[in-house]
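Novice: test case, fold it:
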Amino acid sequence: MISFTTGQECYQSAGNFTTNSTYGRNRDLIFSSLASNVTANGGFYNVSMGQDPNRVYALALCRGDINSSSESDCASCINSGIKDIMSKCPNQKQALSWGSAGILPCIVRYASSPMFGRMELDPFSAGYNTGDIRSNNLTKFD
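Specialist: Residues are numbered from 1 along each chain as shown. A predicted model of the protein is given here:
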C-alpha cells in the first residue's frame, strides 16, 4: 500500500509581502477561484494576475488519472493546499503545497516570478521515509 503525505514549503528567499497589500490581494483573488479553474480544465491550471512588482503567478495540478467523478476530490485537495499555504506561509511571496484530501494528491504553487514553460530545479525539497523496509520486501525494489 502506498500512503500519501502532505507538506508545504515557504520560500523565504523570494521575500515577503504585507497583509492586505496589492500582492496579497492578487494572491487571494487567484486562490478564490483556483480549485474551480483546475477542475474545469482537466486537472491542471496556471494563471497570473496583476502588474509587476505585484504580479502573482500560480499553478495547480491534480493527479493525472482524474476523471469527472473525482473532480470534487481534486477541488477538495486544491482547497486544502491553499488553506495550508495561507496558514503556514501567510506572507511569503513564493510557496508550494503538495498533499492529499482523501486519496487524490495535488500540488498548489505560487510565486512572484514567472514559472510557466521554464525548467526549474528550484524550489527543491526532499522528504525521507525513516520507516523500515522488511527484508522480505527488498526484491520489490529491484
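
Novice: check contacts around L59.
Specialist: F44, Y45, N46, V47, I107, V108, R109, Y110, M115, F116 (C-beta atoms under 8 Å, 6 or more residues apart in numbering). All C-beta spots, glycine's among them, are computed from the backbone N, C-alpha and C.

Novice: considering these, which is situated nearest to G64?
Specialist: F44 (8.8 Å; C-beta to C-beta).

Novice: that closest one reaches C74, doesn't it?
Specialist: No: between F44 and C74 there is no contact, the gap being 10.0 Å when judged by C-beta atoms under 8 Å.

Novice: of the two, who's got more company?
Specialist: Using other C-beta atoms under 10 Å as the criterion, F44 and C74 rank with C74 on top: 25 against 15.

Novice: ok, back up a step: buried subset of the contacts of L59?
Specialist: Y45, N46, V47, I107, V108, R109, Y110, M115 (16 or more other C-beta atoms under 10 Å).

Novice: I'd like these as JSON lines, with distance to L34 and pLDDT appended.
Specialist: Below are the buried ones among the contacts of L59 laid out as JSON lines (distance: C-beta to C-beta, whole Å; pLDDT from 0 to 100):
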{"residue": "Y45", "distance to L34": "7", "pLDDT": "96"}
{"residue": "N46", "distance to L34": "10", "pLDDT": "96"}
{"residue": "V47", "distance to L34": "8", "pLDDT": "97"}
{"residue": "I107", "distance to L34": "11", "pLDDT": "92"}
{"residue": "V108", "distance to L34": "7", "pLDDT": "95"}
{"residue": "R109", "distance to L34": "11", "pLDDT": "95"}
{"residue": "Y110", "distance to L34": "9", "pLDDT": "96"}
{"residue": "M115", "distance to L34": "15", "pLDDT": "87"}
